[in-house]
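Enquirer: coordinates only, sequence not included:
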């Protein structure tokens, strides 16, 4: 799936900064900038390296300032004014500054931007065409840039590239006191070294501190809206008139052993192989398979694989991993990766709980999640269904048994089975469902009691345990069946809201019980469910009526007095709106799976899903190109918000495409 943009997509700099690209390296490092090449976030970088996978990120090369110089001769000799202008140089790069007179407006010369496996920019100015390509190497902190310059003008030109340096931990500003040392093939500062390789001329100058870079997409969210960088050299390439020349620049945290061409070729080959292995036929599904691969990373502390929840903000979390794994690994047929992740989580299971946040250094894991362990059992089920890997099932069986035993008898965070067979979860200020925002002592979405999706996961897990206990001829299968039946009867009796024609969100004895939320959709989409067919269909219909948008499900009915329709502003404003109406993409996957199920995968139903997905395919061209975001505004979901690339959004929609391919939609 190739995304192509032209000048109509950036009539202004602000419009050109709406979309961005993302490249990742499988370590937690990444490269990202806007479609016109500007940095609109302090987390945008040509090279955001990761020195300890996947979360110890260091911001090395912030951006490249690019200029064309019209020249009469060798570098440093007299420069000519550009045709029709007073200046001998112009910017190809774009960057906004707080002082608008400093703004770089290279987007005026940008003719095309394309993205399939890596970004490609094409600039045209006064008879000169410059094509720029960027790639990252898998498994290394290496970014490669290649410029292809076709000078059909009547003058010699120089392409001048000035790297803007940071050498700071991700999210931290440059310090004026930093000293950058330029040596042959390397740049050093603050105990960090980046190697570089180029076929251009490296020209050193006195170190400069550039202030006032403006980050529009951080400013609107109350984040760090201004940045600073250091420069101490530039790289030049002469392109005589009527000739074609190439300039390559590579940056790496290790010695460089490849060319820019090889890095570009490897990047495309890696992504094509992901699609081939997945077997997905639909073009959009193939792009999502590639996008899913961007979230898979090494985890140095465990020696296995992990899934990063989202870029540019999030790390790897247990709940997100268990949800995303289904699509990003199992649907994508990355079975060894799935097994590595499941094996890692099994080794960290404590008191029946899976880590919500993995340890870094000497830190202990955090286990404040009620759903990750139940979704672990679901993930094992999906993996075994696809692979028939009973040896692995036997390997993790004791962990799965421990989860059920601890949930039944009671574990941390108020998680325990009640006398009615349903699960209680949450206590005091502990938020243990995915709607887990806490602002000091404020819980914007309190769900202590018996949350609907937690009990849907509980029943599903009990049925899986019953199925596999019988398959493995283990004792206790009858007990799992009895527990499942008790949960089923209580769920039917207590969760159905005749007034709303759908499921209560939580059993807590508060007004929150009757709020119409998207969490009920998982009580229909799970492999094993508790409701009668008519009730399941009614849940799907109510969710469509009250919560559905083509870009995701609202977290709260728009008619609810607590509904907040806009996500933005300060951290507190964003947190208050996060689960109070904000549209989330990932529950949309469960909605479509539930819709297909309740329509018995009829051809006309699948055609409807396919038609509705076309709108979501257009969303892949907005925000982070080729990706799906975390959230949208609740009232009018027009532009993506939050993380511009979110693992469980991609994974869950991939499962919908899989449903269409399996059932012929």
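Expert: Thanks, I have it. Remember, predicted model here, so these are calculated numbers, not experimental data. Residues are numbered from 1 along each chain as shown.

Enquirer: Now do the phi/psi pair for residue 635.
Expert: Backbone dihedrals for residue 635, given as degrees, to the nearest 10, come out at phi -80, psi -50.

Enquirer: Does residue 557 belong to a helix, a strand or coil?
Expert: Counting by DSSP: H, G, I helix; E, B strand; the rest coil, the backbone at residue 557 sits in coil.

Enquirer: so it touches residue 548, yeah?
Expert: No - applying CB atoms under 8 Å as the test, residue 557 and residue 548 come out as separate, 11.2 Å apart. Using the backbone N, CA and C atoms, a C-beta is placed for each residue, glycine as well.

Enquirer: Any stretches of this structure with poor pLDDT?
Expert: Within the chain, the ranges that satisfy pLDDT under 70 run 72-87, 359-362, 665.

Enquirer: all strands in the stretch 501-650 of the chain, in order from the N-terminus.
Expert: Counting by DSSP state E, counting those that start in this stretch, the stretch 501-650 of the chain has these strands, from start to end: 502-503, 506-507, 548-549, 552-554, 583-584, 631-632, 640-641, 645-646.

Enquirer: Tell me the neighbouring strands of the second one, and mark each as parallel or antiparallel.
Expert: Right, strand 506-507. Take DSSP bridges as the rule and strand 506-507 pairs in its sheet with strand 450-451 (antiparallel).

Enquirer: Next: the fifth one.
Expert: Within its sheet, and counting by DSSP bridges, strand 583-584 is paired with strand 552-554 (antiparallel), strand 631-632 (antiparallel).

Enquirer: next one: the third one
Expert: Within its sheet, and counting by DSSP bridges, strand 548-549 is paired with strand 552-554 (antiparallel).

Enquirer: which outside residues touch the strand it pairs with?
Expert: Applying CB atoms under 8 Å, 6 or more residues apart in numbering, the external contacts of strand 552-554 come out as 518, 521, 543, 546-548, 581-588, 591, 631-632, 634, 637, 649.

Enquirer: go with 6 Å
Expert: 518, 547, 581, 583-585, 587-588, 591, 634 (CB atoms under 6 Å, 6 or more residues apart in numbering).

Enquirer: And those residues, which is closest to residue 644?
Expert: Distance to residue 644 across these (CB to CB) is lowest for residue 585, with 11.6 Å.

Enquirer: which ones are touching the closest one?
Expert: Contacts were defined as CB under 6 Å, 6+ apart; by that measure residue 585 touches 552, 628, 649.

Enquirer: 10 Å - rerun?
Expert: For residue 585, the residues meeting the contact criterion (CB atoms under 10 Å, 6 or more residues apart in numbering) are 549, 551-553, 616, 619, 628-632, 637, 640, 642, 646, 648-650, 652-653.

Enquirer: same thing with residue 113?
Expert: So residue 113 contacts 3-7, 9-10, 16, 19, 21, 34-37, 107, 119-122, 132, 625 (CB under 10 Å, 6+ apart).

Enquirer: do that again at 7 Å, thanks
Expert: Applying CB atoms under 7 Å, 6 or more residues apart in numbering to residue 113 gives the contacts 5, 35, 119, 121.

Enquirer: Apart from its neighbours in sequence, what residue is nearest it?
Expert: Nearest non-adjacent residue to residue 113, counting by CB to CB, 6 or more residues apart in numbering: residue 5, 4.5 Å away.

Enquirer: How many neighbouring residues does the one you found have?
Expert: Taking other CB atoms under 10 Å as the criterion, the count of residues near residue 5 is 18.

Enquirer: mind listing what it touches?
Expert: Listed by CB under 7 Å, 6+ apart, the contact set of residue 5 reads 35, 112-113.

Enquirer: from those, which ones fall inside strands?
Expert: 112-113 (DSSP state E).

Enquirer: What residues of stretch 590-605 count as buried?
Expert: With burial defined by 16 or more other CB atoms under 10 Å, the residues of stretch 590-605 counted as buried are 590-599, 601, 605.

Enquirer: start to end distance for that stretch?
Expert: Start to finish, the residues bounding stretch 590-605 are 15 Å apart (CA to CA, to the nearest Å).

Enquirer: now that stretch, how far from the chain's geometric center?
Expert: For stretch 590-605, the distance between its averaged C-alpha position and the chain's averaged C-alpha position is 27 Å (CA atoms, centre = their mean, to the nearest Å).

Enquirer: and if you look at stretch 604-616?
Expert: Between the mean C-alpha position of stretch 604-616 and that of its chain there is a distance of 24 Å (CA atoms, centre = their mean).

Enquirer: Identify the residues contacting that stretch?
Expert: Contact partners of stretch 604-616, identified using CB under 7 Å, 6+ apart, comprise 550-551, 592, 595-596, 599, 653, 656, 660, 663, 665.

Enquirer: Please repeat the previous calculation with a cut-off of 10 Å.
Expert: 282, 284-285, 288, 548-552, 585, 588, 591-593, 595-599, 601-602, 628, 649, 653, 656-657, 659-660, 662-665.

Enquirer: Which residues belonging to it are considered buried?
Expert: Within stretch 604-616, the residues that count as buried by 16+ other CB under 10 Å are 605-606, 608-609, 612-613, 616.

Enquirer: which stretches of the stretch 351-500 of the chain form strands?
Expert: Along the stretch 351-500 of the chain, the stretches classed as strands by DSSP E, counting those that start in this stretch are 416-417, 423-424, 450-451, 496-497.

Enquirer: Leaving out the residues flanking it, which one is nearest to residue 523?
Expert: Once its chain neighbours are removed from consideration, residue 523 has its nearest residue in residue 456; the separation is 4.0 Å (CB to CB, 6+ apart).

Enquirer: Spit out the contact partners of that neighbour.
Expert: 371, 374, 487, 491, 495, 503, 519-526, 528-531.
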